[in-house]
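1. My questions concern the predicted model and sequence given below.
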Amino acid sequence: MRAIGFVLATSVIPFTACAETSVVEASGSEAAILKVLTDQQDAWNRGDIPAFMEGYWKSEDLRFASGGTVATGWQVTKDRYLKRYDSPEKMGKLSFTDIIVTTLGDEDALVTGRWALKRDNDMPNGLFTLHFKLIDGNWVIVSDHTSSAD
């Protein structure tokens with residue numbers, strides 16, 4: 001009986017984000033979460049890593065796993081991005097696709113999708129799984145697991 005309650009409490013909203021699309025057919029929590037991702041994509045494409053980081057939980061408990069390593073903490077994660085993407089050429093243009101938002105309750109959601117960077121000489125890409133929580137009235141990423149297809 002618990003499984004039925006869980007399934008009924010879970011909603012899945014597929015979404016594709018790119019510069020030409022807007023958030024459609026989503027409301028409430030899903031729309032707010034998708035706006036965080038759209039804002040992150042826009043900030044990245046402006047070359048603004050500090051604004052990109054606004055989508056993450058500003059806590060020492062933030063978890064970011066990528067490239068076989070785990071970083072803990074908002075500032076550590078921000079510094080990692082600033083070091084790795086220290087020029088517009090390295091940043092490229094970010095796009096998110098195949099996004100699925102699964103709400104797990106009123107204050108909890110899981111988001112999966114694909115990311116890609118379009119750069120002059122290459123196009124790195126991969127998958128991500130984001131754990132979002134509603135904290136102090138804002139949806140923020142509390143855990144990010146990003147993998148690369150490279």
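-> Cool, got the structure.
2. which helices and strands does the longest helix anywhere in the chain pack with?
-> Taking DSSP state H as the criterion, the chain has its longest helix at helix 28-45. With contacts taken as 3 or more CB pairs under 8 Å, 6 or more residues apart in numbering; DSSP states H and E, helix 28-45 sits against strand 11-17, helix 49-52, strand 93-105, strand 108-118, strand 125-135, strand 138-148. The C-beta positions use only the backbone N, C-alpha and C, and glycine is treated the same way.
3. Tell me which of those lies nearest to Lys83.
-> helix 49-52 (10.2 Å; CB to CB).
4. quick one on the thing from earlier: relative to Thr69, which of the helices and strands packed on helix 28-45 is closest?
-> strand 138-148 (11.2 Å).
5. Report the buried residues of that closest one.
-> Within strand 138-148, the residues scored as buried using 16 or more other CB atoms under 10 Å are 139-144.
6. Export these to JSON lines and append columns for pLDDT and distance to Leu62.
-> Formatted as JSON lines, the buried residues of strand 138-148 follow (pLDDT from 0 to 100; distance: CB to CB, whole Å):
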{"residue": "Trp139", "pLDDT": "98", "distance to Leu62": "14"}
{"residue": "Val140", "pLDDT": "98", "distance to Leu62": "9"}
{"residue": "Ile141", "pLDDT": "98", "distance to Leu62": "8"}
{"residue": "Val142", "pLDDT": "98", "distance to Leu62": "6"}
{"residue": "Ser143", "pLDDT": "98", "distance to Leu62": "7"}
{"residue": "Asp144", "pLDDT": "98", "distance to Leu62": "8"}
